[in-house]
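[1] any chance you could fold what I've pasted below:
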Amino acid sequence: METLERIFKLKENKTDVQTEIMAGITTFMTMAYILVVNPLILSDSGMDFAKVFAATAIASAIASIFMGLVANLPFALSAGMGLNALFAYTVCISMGYSWQWALSAIFVEGIIFLIMTITNIREAIVNSVPANIKRAIGAGVGLFVAYIGLKNAGIIIADESNLTALNPEWYKGASGTAVVGLIISAVLLARKVKGALLIGMLITTFIGIPSGITSYAGGSYIPTSPYFCEFAFSEITASSRSVFDFVIIVLTFLYFDMFDTVGTLIACAGKSGIINPDGSIPRAKQALLADALGTTAGSMLGTSTVTTFVESSAGVAEGGRTGLTAVTVGFMFLLSLFLEPLFGSIPSAATSPALIIVGVLMITPVKTINFDDYTEAIPAFMTMILMVAASSISDGIMFGILSYVIIKALSGKIREIDAMTWVVAVLFMVKVIIDFFG
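    Now for the predicted structure:
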C-alpha cells in the first residue's frame, strides 16, 4: 500500500486503492467491446482476427499502463473507433492499398506524434483551446458518450430518413434490458452507493441471462501472437501516386487522432477536477506521450491508431483520480488475452446505461459557459452540437475553434484570440481546403 501511495499519491488526490481499482474495472468494462469490434473491422482489410485481437489487447495495455505510471492520470487508451474504419474501409478497401501499407502510415503517424510531444507542440495545442470551448468540449463529449450509449442499447435507431429516432420497441429485448439497467444504475447513484455504475453493469448482465441477451461461450482462450513490424515501405514508394496518398492518409490520421485525444483529455480532466487554474492539464505532455507510444507500438504489433478513450469518463465518474485506475485497465487488457469468452459475455445492454449516466455527469461544465457573450456562446454551442450531430469529437472542436476565431475577429475582439489559437485555426483551415479540393 505504501508503494502505491508513493507512486500514485492517492491521499493527495483524495482517493484510495479500492476506489481506483473499481474505477479501472468500470472503465475497462465500458470499453472492452473494442477487443471484438476492432479485430472485426480490421479483418475486413485482410488481417487475421486473432492476431489483431492480441495486438489490440497488448497495445492498449502498454499505453494505459504508461499513462498510469508516467502521467498518473486515470485515462485508458485503445484502438480508436472511426480511425480503424478509416484504416480498413478507406485505405484498404476503397483506395486499394494493403493493410501493411496502412500499418506503415500508422507507424509514421506515431513517430510524428512522438516528435510533436517531445517538442511540446501537442501540449501547446491542448492549452491553446479557449476556456469556454474547453467547457463545451466537456459537455459535448458527455452528450456524445450518452448518444453512443443510447445507440448501443438500441433505444434509438436509424429511421427511413437516415436520422436517429426512438426505437418503437425500446421496451423489449436488449433495449428493454438496457432501460432496466439504466434505472438500476441511476437509483444506485442517487443513493450514493460506491461503485454504482459497476454494480449496475453486473446486475444488468445477470438480468440478461434468462432471455439470452447475456451468453457465455465457455472454454479458455490461448493467446495468439500478434503481428510484428509488418510494414510495406517499398509499396509506398512504388509510385508518385502512392507517395502522395501516403502523405494525405498520414495527415488525416494525425488530424483525427490529435483532436479526438485533445477533446477526451480536456473532457475527462475537467470532470475529474484536475485542470489547473490557468486551464492547462497537469502532466499533459506525459499523457500525450502515452498516446503516441501506444500508436507506435500498436502499429508494430498490428493494430490501428491507439488513442485516449472517452469511456475513461466512466472510471472518473466512479471516483478514479490517479494513474492506478489506468494501470488497472492495462492489466485487465492483459488478462483479457486469456479470458476473452468471459469478457465477451458482457452485453452492450449492460454497458450502455453506464455511458448514458456518464453523459449526465459530464454535461455539468455547460453551467459555467458564458452565454451572455455571443462570441463565446455560439462557438461553444457549435462545439457541442457538432460532436453529436457529426458523431465526431474532432469535427466538433474544428467547428468550435473556427467559429470562435471568425466571430471574434469580425466582432472587433481580435485581441482576445491567443496566438496559438490562430495557429490551430489555420491548421483547421488547411484541412478544410484539402477536403474541398479532395
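[2] I'd guess Ile157 is in a helix, am I close?
    No: assessed with DSSP: H, G, I helix; E, B strand; the rest coil, Ile157 is strand; it does not lie in a helix.
[3] that one pairs with what?
    Beta-bridge pairing for Ile157 (DSSP bridges): Ala165.
[4] how many residues are close by it?
    As a burial measure, Ile157 scores 15 neighbours (other C-beta atoms under 10 Å). From N, CA and C alone the C-beta is placed, and that goes for glycine too.
[5] looking at it, it is touching Glu169, isn't it?
    No: using C-beta atoms under 8 Å, Ile157 is not in contact with Glu169; the gap is 9.5 Å.
[6] enumerate every residue touching the closest residue to Val193 other than its chain neighbours.
    Nearest residue to Val193 in three dimensions, chain neighbours excluded: Ile199, at 6.6 Å (C-beta to C-beta, 6 or more residues apart in numbering). The contact partners of Ile199, by C-beta atoms under 8 Å, 6 or more residues apart in numbering, come to Ser185, Leu188, Val193.
[7] TSV please, covering those and showing pLDDT.
    Formatted as TSV, these follow (pLDDT from 0 to 100):
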residue	pLDDT
Ser185	90
Leu188	91
Val193	81
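[8] top of the residues you listed by neighbour count?
    Per-residue neighbour counts (other C-beta under 10 Å) across those peak at Ser185, which has 24 neighbours.
[9] nearest spatial neighbour of that one, chain-adjacent residues omitted?
    Going by C-beta to C-beta, 6+ apart, Ser185 has Gly200 as its nearest residue, at 3.1 Å.
[10] cool, and Thr307?
    Of all residues not flanking Thr307 in the chain, Gly80 sits nearest, at 3.9 Å (C-beta to C-beta, 6+ apart).
[11] over to Met429?
    Once flanking residues are discounted, Met429 sits nearest to Leu402: 7.2 Å by C-beta to C-beta, 6+ apart.
[12] top helix in this structure by residue count?
    Counting residues, the longest helix found in the chain (DSSP state H) is helix 240-272.
[13] how far is the helix or strand harbouring Ile401 from where the chain is centred?
    Assessed by DSSP states H and E, Ile401 sits inside helix 393-410. How far helix 393-410 lies from its chain's middle: 21 Å, per C-alpha atoms, centre = their mean, to the nearest Å.
[14] packing partners for the helix or strand following that helix?
    For helix 393-410, the following helix or strand on the C-terminal side (DSSP H and E) is helix 419-437. On a contact count with 3 or more C-beta pairs under 8 Å, 6 or more residues apart in numbering; DSSP states H and E, helix 419-437 meets helix 121-128, helix 240-272, helix 393-410.
[15] rerun that using 7 Å as the cut-off
    Where contact means 3 or more C-beta pairs under 7 Å, 6 or more residues apart in numbering; DSSP states H and E, helix 419-437 is packed against helix 121-128, helix 393-410.
[16] buried residues in it?
    Residues Thr421, Val424, Ala425, Leu427, Phe428, Lys431 are the ones in helix 419-437 that count as buried (16 or more other C-beta atoms under 10 Å).
[17] relative orientation of that helix and helix 121-128 in degrees?
    Between helix 419-437 and helix 121-128, the angle comes out at 110 degrees (axes from the mean of the first three to the mean of the last three C-alpha atoms, to 10 degrees).
[18] between helix 419-437 and helix 240-272, how big is the angle?
    140 degrees.
[19] which outside residues touch helix 419-437?
    Residues outside helix 419-437 that contact it (C-beta atoms under 7 Å, 6 or more residues apart in numbering) are Ala124, Ile125, Ser128, Pro130, Tyr255, Met398, Ile401, Leu402, Val405.
[20] for the fifth one, give me its contacts.
    Shown here is Tyr255, whose contacts under the criterion C-beta under 7 Å, 6+ apart are Ser394, Lys431.
[21] please redo it, this time with the cut-off set to 10 Å
    Contacts here follow C-beta atoms under 10 Å, 6 or more residues apart in numbering; on that basis Tyr255 touches Glu109, Ser394, Asp395, Met398, Leu427, Phe428, Val430, Lys431, Ile434.
[22] Val70 and Ala290, how far apart?
    Val70 sits 7 Å away from Ala290, going by C-beta to C-beta, to the nearest Å.
[23] and for Ser98?
    In this view, Ser98 and Ala290 are 29 Å apart by C-beta to C-beta.
[24] which of the two has more neighbours?
    Ala290 (30 against 15).
[25] pretty sure that one sits against Gly68.
    Yes: look at Ala290 against Gly68 with C-beta atoms under 10 Å: they come within range, at 8.6 Å.
[26] among the contacts of Ile199, name the ones in helices.
    Ser185, Leu188.
[27] drop anything exposed from the contacts of helix 419-437.
    Those of the contacts of helix 419-437 that meet the buried threshold are Ala124, Ile125, Ser128, Pro130, Tyr255, Met398, Ile401, Leu402, Val405, by 16+ other C-beta under 10 Å.
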